[in-house]
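Peer 1: Sequence first, then the predicted structure:
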Amino acid sequence: MLTLRSDEASLADARDLVGVYLEDHCHGVDGQSVRLVVSELITNAVRHAGGAWTLEVEKQPGLLTVGVRDEDGTPPDARPLALDGQGGLGLHIVERLAGRVRVTPASHGKTVSVWWPVLPAQRGG
């Protein structure tokens, strides 16, 4: 499991460390998609939820889970898709690349989670 917090890592650090984690633990996962989703989820926490975030990345048998927790209990809301440079693409990108998105409310905030299937490691031969 990889856990990072905004008071100890930047967005760029999070993307880089997720990339290393994927190389070490997650065969068959599209690393570019995962890093982009991590970037979008953290960016949303910074822009819309006060800035503090915690990232958790965990590989379980057959599944990679990525969750970003923030301190605002308001669920994210996908704005109408617009290509005017004013933002609003983040949740659309996350939904497109991850497929499954779940928002779990907490007493002080929420966690936005996504999942990808992980192929079993191939044995050498």
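Peer 2: On my side now, so go ahead.
Peer 1: what about Val57, distance to Leu81?
Peer 2: 28 Å (C-beta to C-beta, to the nearest Å). All C-beta spots, glycine's among them, are computed from the backbone N, C-alpha and C.
Peer 1: more crowded one of the two?
Peer 2: Val57 (22 against 8; other C-beta atoms under 10 Å).
Peer 1: Not counting sequence-adjacent ones, nearest residue to that one?
Peer 2: Leu2 (4.3 Å; C-beta to C-beta, 6 or more residues apart in numbering).
Peer 1: for the chain, what helix or strand is lowest in average pLDDT?
Peer 2: helix 90-98 (a mean of 88; mean pLDDT, DSSP states H and E).
Peer 1: For it, name the packing helices and strands.
Peer 2: helix 31-48, strand 101-106, strand 109-117 (3 or more C-beta pairs under 8 Å, 6 or more residues apart in numbering; DSSP states H and E).
Peer 1: So which of these is nearest Glu71?
Peer 2: strand 109-117 (4.3 Å; C-beta to C-beta).
Peer 1: Show me what counts as buried in the closest one.
Peer 2: In terms of neighbour count (16 or more other C-beta atoms under 10 Å), strand 109-117 has its buried residues at 109-116.
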